[in-house]
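**Student:** 3D model of this:
(chains A and B)
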Protein chains: 2
Amino acid sequence: MNPTLEIFSQGEEIVTGQTVDTNAAWLSQQAVELGFAVTRHTAVGDKLDDLVSLLKEIAWRADCCFCTGGLGPTSDDLTAAAVAKAFDIPLVFDDIAFAQIQQFFINRKRMMPESNRKQAMLPQGAERLDNDVGTAPGFAVQHQRCWFVFLPGVPSEMRSIFLDKIKPTLNQRFLLQPSTLVSIKTFGIGESDIQQRIDKIDIPADVQLGFRASLNEVQTKLLFPADYPYANSTALVTKITETLGDKVFAVDGLGEVTGDLVYAVDQLMRAGKYTLALVETASQGLMAGLCTGSEWLLETRYEHSLERLAQKLAIAVTQDDLLETAKVIALTTQETSGADFILVQLYSGDFQVLQDKDKLMVLHTVLLVGNQCYPASQSVAGLIKRKQNQAALLALDLLRRYLQRISSDALAGYSVIL
Amino acid sequence: MNPTLEIFSQGEEIVTGQTVDTNAAWLSQQAVELGFAVTRHTAVGDKLDDLVSLLKEIAWRADCCFCTGGLGPTSDDLTAAAVAKAFDIPLVFDDIAFAQIQQFFINRKRMMPESNRKQAMLPQGAERLDNDVGTAPGFAVQHQRCWFVFLPGVPSEMRSIFLDKIKPTLNQRFLLQPSTLVSIKTFGIGESDIQQRIDKIDIPADVQLGFRASLNEVQTKLLFPADYPYANSTALVTKITETLGDKVFAVDGLGEVTGDLVYAVDQLMRAGKYTLALVETASQGLMAGLCTGSEWLLETRYEHSLERLAQKLAIAVTQDDLLETAKVIALTTQETSGADFILVQLYSGDFQVLQDKDKLMVLHTVLLVGNQCYPASQSVAGLIKRKQNQAALLALDLLRRYLQRISSDALAGYSVIL
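**Tutor:** Numbers count the residues shown, from 1 in each chain, chains lettered A, B, ... in the order given. Here you go, the predicted model:
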C-alpha cells in the first residue's frame, strides 16, 4: 500500500475562484511520481475555525499532507496560528527565520515592515524550511498519523522549497514504491469506442485502467504497480496500441517524453526536414496558429469563402466535388509555395454551417505530397470554437498519420537492411 | 448570512494533478457573484467509498454544492452510483435521458456504444439537467441540508448546463443578496501601473478593490456591498475608467454583458458592418484564429519570412523601415481584398527573435483605413506562445481603439443633433 497524501490549499482567492489552484495540481503530480496515493484536495478560505477543523481531520486521515498558503505577513495569513490551535503547540519566535526575513529586505534595499516579524513565529519543535526566494519560511510538523509540510502560496517559492528541502527527504520518511503510469494518446476516436475495442484484451486486476478525454485527444491510462515486470507492461501496452492502430499518436511513460498531437507533427516534420503550406477555411488561421513557432510552416492563407479563394488563385472551382476542388487548390499552392506538403481544407455549405451549433459540418481535406493526393472527408458538430479546433486538428492529423507511416516504413526498411 | 456553498470535483486526473481544476475556480466565481459564501473546495479520485463519505459530509455541512465529473460512460465514472449509496436512493432508467443520448449519436451519424446506456441511470426523484452539447446529462438532488448539483467535468458542457439550467433557478431556491462586482477590463497596461494611476482616487472603505491579471487583459475589480447606492458606484467607476483612458476596452457588471478584447472588436465590427483583411507574421494565423467565426474577417495570410511575403505580393520591401514596409503591404492588400480595414504586422529581425525566449521582439503594426494609416511599434518578451498571443492581441487592440474612437465620435455627434 502506498502512503496516502492530501493536498490542502488555503486562501480566499482560491475558494472565491479568483485564482486557479495550480499549486495543488503541481504538488499532486510530484507526489504521484514519488509513489504516494493522493486521496484528496481541499481548499478553504482564511477562516481560523475552518483551518483548525480541517487540520484535525487530516491528521488522522492521511500519512502526509502538503499545505500551501497562509504564511504571509498580513492579518489574513493564519496558518501558523491554526496549527498552534489544532495541534495544541505554542508558537515561538525563531531567531534564524527572523534574520533571514531581515536579510531579504536588506538585499532589496527596502525597510522591513513591522508586519513581517510575524512570519518568524513558528510552532515549537517544527522543522523550519528556509525560503531562498521570498520572505515566508515554510515549516514541517508531525501530528498523529500525518506529516504536514507547510509551504508558501506563491508558486515559485512553493516549488523552490519543495524541490530543495522536501523532495530529497521523502524517501527517508516514507516507504515509497512509485508505480508506472502509461498514457496511450489517441486522436479521432472516442472514449467509449476505445473501451469497446480493448474490452477483448485481458487486463490484469492489479493494473488500473482509466481514460481522460479532452477536445484534443483521448488518453487511455494504465497504472502499473511498482513490482510489475517491465516486459509484461510493454507487452500489454503494445497489444492495446496495435488494437487502436494509427489513431495512436504517442505513448507516454515508457521512457519517452511526448506531447500533444501538434508536438507529434512537429517532431516528425523536423526529423524529415519537410516544409508545409496550408489553405484554411473552417479553421480560420487556427491550423497555423497551433503550429507554434514552427520553422517548417512556410505559409497559410484563409479566405472567408470558396468564391474569394478561387478568384485569388484564378482557378475555377465547384461545390459539387469539394475533394476534387481541394486537390486543384493544392496543386496551385504547391506551385507557388514550393512546400513539400500541402494541406487544403474545405467544407460543404456556407458560413452558417460553421456558425450554427446544431448544424453538422462536413470537412473535405486533402494532403498533397509530390503527385500523390490523400483525401479525407469527416464531419464535425458542436459550437463554433469546437468545430474550428477539430477542423484544424483533423487536417494536422491527416498529415501526422502520413508522416508516421512513412517514418515507420523507413524504420522497417532500415531494420531489414541491418 | 449568505447561504454556504461547496465545490466538489471528482476525478483521478484532478487528484493526481494531470488536470488543473479550472471548473472549481469558474463555478466559485459564479457562486460568489450570485451571493453565496463559498466555504470549501474538495477533490477526490474515482473511488466509490471516498465519494460516498464526502457526499455525506457535505450534505449536513453546506446549503448548496456544485459537483463536477464522474458522469461519463466508462467504468470509472461513479457519481450516480455514489449518490445512490450515500443518500440511499435507487438508480432508475430515465427514458428521456436515454433518448437524448441516442439522439446525440444519431446527429453525429455514429453508433451508440452500449456503455453510454449507463449515463441514463439517474437517482430516483432527481431533477434531470439536459446536456445540449454532450452525452452526459447532469442532475440535481436535495439531501438533508444541501442541494446538490451534478455537472459533467468537460468544461464546455459544465458551463453550458450551469448557465442555462442552474443559474436562472438559484434565486428561487436561496435568499441571495449579491454584492455588485464591477470589472474594468484593460489591455496594454500592467497591474502596478493601474494601481499607481488610481492611487489618487478616494475609494470608500466598504468597497473592495482587487486586480486580476492574465495574458489577455488586466481586470480592476470593485466589489460593492448589496446596499451600495447605484449612483455612487457608477460615479466611482467612471472616475477610474477616465483615469485609464483608452486602455479600457470593457466594463463588466453595470448592466452590460461584455467579453474579452476580441469580443469587443467583434461587437464594434458588427455594429459598423465593416470588413477586415490581415497580414500576419509573428502571430502565425493566431490573429485570425482569435476572431472565432467572424463574418467580417475576409482573409488572412501568413508567410514564414518577409522575403517570401514580398515575393508573393510582387513588391519591394526593406527591413530598414518596417512601418513603411507594412504600409506598402497594407496598400497592396487593400486593393486585392476590398476590405474596409487592413491590419499588417511585421517584426524586426529573423525567426530566432520569435523563438528565443530571452530575445525581445519589436512589432511594427499598421492599420490602414481608406487612405489613413495608423502605425504602432511595440515590444514583446517571453516564451514564443506568449509572444505570438501578444502580437495578435496588440494588432487587434490597435483596431479596437480606432473603432472605439470613431464609434464614440459618432455617438457624440448623434447626441448633439438630438
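
**Student:** tell me where the stretch 251-400 of chain A has helices.
**Tutor:** For the stretch 251-400 of chain A, the helices defined by DSSP state H, counting those that start in this stretch cover A:261-272, A:286-290, A:306-313, A:322-337, A:351-355, A:384-417.

**Student:** and those helices, which is most packed in?
**Tutor:** Mean neighbour count (mean count of other CB atoms under 10 Å in any protein chain shown) peaks for helix A:286-290 among the helices of the stretch 251-400 of chain A, with a mean of 27. Backbone N, C-alpha and C define where each C-beta goes, glycine included.

**Student:** which residues are in contact with that helix?
**Tutor:** A:262, A:278, A:280, A:297, A:300, A:343, A:345, A:388-389, A:391-393, A:395-396, B:283-286, B:288-289, B:302, B:388 (CB atoms under 8 Å, 6 or more residues apart in numbering or on different chains).

**Student:** quick one: average pLDDT of that helix?
**Tutor:** If you average the pLDDT over helix A:286-290, you get 95.

**Student:** just the C-alpha atoms of it, please, in CSV.
**Tutor:** C-alpha atoms of helix A:286-290 as CSV (Å, rounded to 0.1, in the frame of the first residue of the first chain):
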residue,chain,number,x,y,z
LEU,A,286,-6.0,28.2,-36.3
MET,A,287,-4.3,25.4,-38.1
ALA,A,288,-1.2,27.6,-38.5
GLY,A,289,-1.7,29.1,-35.0
LEU,A,290,-1.5,25.7,-33.4
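
**Student:** what's around the closest residue to A:Leu309 other than its chain neighbours, how many residues?
**Tutor:** Setting aside the residues directly before and after it, A:Leu309 is nearest to A:Glu303 in space (CB to CB, 6 or more residues apart in numbering or on different chains), at 4.0 Å. A:Glu303: 23 surrounding residues under other CB atoms under 10 Å in any protein chain shown.

**Student:** shouldn't A:Glu303 be in contact with B:Glu299?
**Tutor:** Yes: A:Glu303 lies in contact with B:Glu299 (CB atoms under 8 Å); the separation is 4.9 Å.

**Student:** so what sits against both of those two?
**Tutor:** Shared contacts of A:Glu303 and B:Glu299, counting by CB under 8 Å, 6+ apart, come down to A:Lys312.

**Student:** coming back round to it: for the helices of the stretch 251-400 of chain A, which one sits closest to B:Met269?
**Tutor:** When the helices of the stretch 251-400 of chain A are compared by CB to CB, helix A:351-355 sits nearest B:Met269, at 14.9 Å.

**Student:** state the distance from A:Gln29 to B:Leu297.
**Tutor:** With the distance defined as CB to CB, to the nearest Å, A:Gln29 ends up 39 Å from B:Leu297.

**Student:** show me the shaky parts of chain A.
**Tutor:** Applying pLDDT under 70 to chain A flags the ranges A:409-418.

**Student:** mind doing that once more with 50?
**Tutor:** Scanning chain A for pLDDT under 50 picks out A:412-418.

**Student:** domains in it, as residue ranges please.
**Tutor:** A:4-173, A:180-258, A:263-415 (automatic domain parsing).

**Student:** can you put those in CSV and add distance to B:Asp252?
**Tutor:** Converted to CSV, the domains of chain A look like this (distance: least, CB to CB, whole Å):
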stretch, distance to B:Asp252
domain A:4-173, 14
domain A:180-258, 27
domain A:263-415, 21
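
**Student:** for those, which one sits closest to B:Gln124?
**Tutor:** With distances scored as CB to CB, the stretch of the domains of chain A nearest to B:Gln124 is domain A:180-258 (25.3 Å).

**Student:** next one: the closest one, is it in contact with chain B?
**Tutor:** Yes: in terms of CB under 8 Å from any CB of the partner chain, part of domain A:180-258 sits within range of chain B, namely A:Gly190, A:Glu191, A:Ser192, A:Asp193, A:Gln195, A:Gln196, A:Leu209, A:Gly210, A:Phe211, A:Arg212, A:Ala213, A:Ser214.
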